[in-house]
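Engineer: The following comprises the amino acid sequence and a computationally predicted model.
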Amino acid sequence: MAVTLVQIAERAGLSPATVSLALRNKNVGKKQFSSKTISKIHRIAKEMGYRPNGMATSLVSNKSNAIGVLISSLSFGSESLLDGIKKELVSDYSALLCIYNSDGENERSKLDLLMRQRVGGVIAAFSGDPESIPVYRELVEKYDMSIVLIDRAIPGLHLPVVRYDHFASTYQGTKALLSLGHKRIRYASVSMAQHLESTQLRAAGYIKAMQEAGLGDEIRVTEEMGYKEWTREERIKLIASKILDVWRKDTGVTALFVDNDWLAYEILDECGRQNIRVPDDVSILGIGDYHFSSLSYVGLSSVVSQQQKFMGISAGKLLMDIMNGIPWDGKPIILPIEVKLRKTTRVVL
């Protein structure tokens, strides 16, 4: 026989109405339930094996037992990200995946789709398109949608965000290259939009490390911005070629610090075509440390900042907590980084 709200209420010593509101996360703030009470109700419900009627719940709350996951593209870390998110979802929830292909208009269309699907919450990677910001604001302020951002915040919106320490990734990465004796280091960045939080923090980390080393006059930045779907084969090849063209003209640069392993792979390939020896002619350091980076035939030196499963776990847990009435503490969750030097970097004298 199915467990009822009345049975849960009797065991918790609370009214059925209180239990119903807490389990459906309805008007929790107005009723001022404590997080302890909410946690107690959910714990007892889980112990008793309570399973809500999904159809009835969605009709009453106008929300389904699903969350939306909105990301720019399917890349090396996407599967791990989704695995991490699903690991934290309670058994009654499922994840609906939407891909917007680095296009702000498509991002807004996918947000509208998720709203029409009445998802209970959204985990999203913001595109950087300013026109999408009012849509996110409307979902939060008008429709009371729970949203957790991954990888970067949205300007002007104080929303929960889970990201890696973008500043530290380039700050520590640059210091690692400096410790190998490199003084002329070019930082190469590619992004959908220049004003993305991640883009700005990474540039700042590189600049700070160079300035602290007394090399402010040696700061070199190559920025390739505004590339939608920049990972597409023809576009990433063009960007890699542009970066190497700049490197060739800037005599004396001994290291390229590339802000994405995916782009670094293409630069390595282009180096092979142009008979540029890595690391003898130029050392290369990436960011992401994707699975391929550690393979012996690649051996790409990289900054670990894209372990997507940990980001998914953190984002999934945070969203579930918020949807269960546990308030966000207002602080971003910033995940640590680590520099791993392999065969694409060398000591210079």
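Structural biologist: Thanks, I have the structure now.

Engineer: can you pull the contacts of Lys237?
Structural biologist: Taking CB atoms under 8 Å, 6 or more residues apart in numbering, we find Lys237 in contact with Glu266, Glu270. No exception for glycine: its C-beta is placed from N, CA and C like everyone else's.

Engineer: The helix or strand hosting it: what's the following helix or strand?
Structural biologist: Element membership for Lys237 (DSSP states H and E) is helix 233-249. Sequence-wise, the next helix or strand downstream of helix 233-249 (DSSP H and E) is strand 255-258.

Engineer: tell me the average confidence for that next one?
Structural biologist: The pLDDT scores in strand 255-258 average 97.

Engineer: same deal with stretch 209-217?
Structural biologist: Per-residue scores along stretch 209-217 average to 97.

Engineer: And for stretch 333-344?
Structural biologist: Mean predicted confidence for stretch 333-344 is 95.

Engineer: residue boundaries of the strands in the protein?
Structural biologist: Using DSSP state E, the strands found in the chain span residues 66-71, 94-99, 121-124, 146-150, 161-164, 185-191, 220-225, 255-258, 283-287, 301-304, 333-335, 338-340.

Engineer: Between those, which one is closest to Lys175.
Structural biologist: Judged by CB to CB, the one of these that comes nearest to Lys175 is strand 338-340, at 8.2 Å.

Engineer: Can you give me the buried ones in that closest one?
Structural biologist: For strand 338-340, burial by neighbour count (16 or more other CB atoms under 10 Å) applies to Val339, Lys340.

Engineer: For it, give me every contacting residue.
Structural biologist: Under CB under 8 Å, 6+ apart, the answer for strand 338-340 is Gln172, Gly173, Ala176, Asp289, Ser294, Ser301, Ser302, Val303, Val304.

Engineer: quick one: which of the residues you listed is nearest Val278?
Structural biologist: Ser301 (10.0 Å).

Engineer: what sits against the nearest residue to the closest one once chain neighbours are set aside?
Structural biologist: Take Ser301 and drop its neighbours on the chain: the residue closest to it by CB to CB, 6 or more residues apart in numbering is Thr345, 4.2 Å away. When contacts are counted by CB under 8 Å, 6+ apart, Thr345 touches Leu177, Leu180, Ala255, Pro279, Ser283, Ile284, Leu285, Ser301.

Engineer: Same question for Arg346.
Structural biologist: Counted by CB under 8 Å, 6+ apart, Arg346 has contacts Leu180, Pro279, Asp280, Ser283.

Engineer: Which single one of those residues is nearest to Ala124?
Structural biologist: Ser283 (35.7 Å).

Engineer: Report the contact partners of the closest one.
Structural biologist: Leu177, Leu180, His182, Thr254, Ala255, Leu256, Ser301, Thr344, Thr345, Arg346, Val348.

Engineer: From Gln200, how far out is Asp144?
Structural biologist: 30 Å (CB to CB, to the nearest Å).

Engineer: just Ser15 next, same as before
Structural biologist: 50 Å.
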